[in-house]
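In: The following comprises the amino acid sequence and a computationally predicted model.
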Amino acid sequence: MITQEQLKQEVRYEDGHFYRLSDGEQVTESPITDHHRYLRVRVCGKVYALHRMVFLWQNGYLPKIVDHIDNDRSNNKIENLREATQQQNCLNRVAHKNNRSGYKNVFWDSKSNKWCVLVNVFGKRKTIGRFEDLELAGLVAYEARVKFHGEFARH
């Protein structure tokens with residue numbers, strides 16, 4: 001595994017991109033594809049995820065998970081990257097494509113004929129409540145994410 005020292009001998013960091021020290025040219029970034037979900041760069045003869053190398057360059061270590069705060073995988077500015085656990089990284093996801101309510105963590109419960117608010121709390125699903133009013137359920141879900149997910153809450 002590459003070290004911060006090795007990385008800093010090869011490249012300089014500026015606004016989410018690397019530039020070779022040898023000639024000042026930007027290090028080529030491979031585009032995001034279905035196979036590789038993140039921009040990748042070749043540094044010291046090996047290919048790495050760009051966001052992980054930016055984190056290493058800045059902080060001197062590589063955590064298991066590096067989270068993009070704004071969920072934009074092409075925004076690799078250090079201000080947009082943070083260390084996270086797998087669970088925290090999952091909390092920062094956007095609503096699923098098949099979400100019918102329009103609110104994250106809100107779904108229709110056909111048994112009670114009400115909107116149900118369900119959030120993850122310490123790795124377990126917790127039902128916050130059931131509501132006849134969709135907007136109220138959306139507001140309760142928002143407040144629950146703020147309370148239980150903290151800085152990793154994604155609305």
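Out: Perfect, thanks for sending it.

In: Tyr61: what's it in contact with?
Out: Gln4 (CB atoms under 8 Å, 6 or more residues apart in numbering). Bear in mind the C-beta positions are built from the backbone N, C-alpha and C, glycine included.

In: Got the confidence number for it?
Out: Tyr61 carries a pLDDT value of 97.

In: Got phi/psi on Lys46?
Out: Reported as degrees, to the nearest 10, the phi and psi values for Lys46 are phi -130, psi 160.

In: Same check on Lys114?
Out: Phi and psi for Lys114, reported as degrees, to the nearest 10, are phi -140, psi 160.

In: just checking, it touches Arg130?
Out: Yes: using CB atoms under 8 Å, Lys114 is in contact with Arg130, at 4.0 Å.

In: Would you map the helices across the chain?
Out: Ranges of helices in the chain, per DSSP state H, are 4-10, 50-59, 86-91, 134-149.

In: With respect to burial, which of the ones you listed scores highest?
Out: helix 50-59 (a mean of 20; mean count of other CB atoms under 10 Å).

In: Run through the neighbouring helices and strands of that one.
Out: helix 4-10, strand 11-14, strand 17-20, strand 40-43, strand 65-68, strand 81-84 (3 or more CB pairs under 8 Å, 6 or more residues apart in numbering; DSSP states H and E).

In: and the end-to-end length of stretch 104-119?
Out: End-to-end distance for stretch 104-119, by CA to CA, to the nearest Å: 9 Å.

In: can you list the weak-confidence ranges in this protein?
Out: 32-36 (pLDDT under 70).

In: Pop the domain breakdown of it in here.
Out: As given by automatic domain parsing, the domain ranges for the chain are 4-82, 88-152.

In: With respect to Asn71, which of the helices of the chain lies nearest?
Out: helix 86-91 (10.3 Å; CB to CB).

In: Give the bridge partners for the nearest residue to Val27 once chain neighbours are set aside, please.
Out: In space, and not counting its chain neighbours, Val27 is closest to Phe18: 4.2 Å by CB to CB, 6 or more residues apart in numbering. Legend: beta-bridge partners of Phe18 under DSSP bridges are Tyr13.

In: Could you check how many residues crowd around Phe18?
Out: By other CB atoms under 10 Å, 23 other residues sit near Phe18.

In: which ones are touching it?
Out: By CB under 8 Å, 6+ apart, Phe18 lies in contact with 11-12, 26-27, 41, 43, 50, 53-54, 57.
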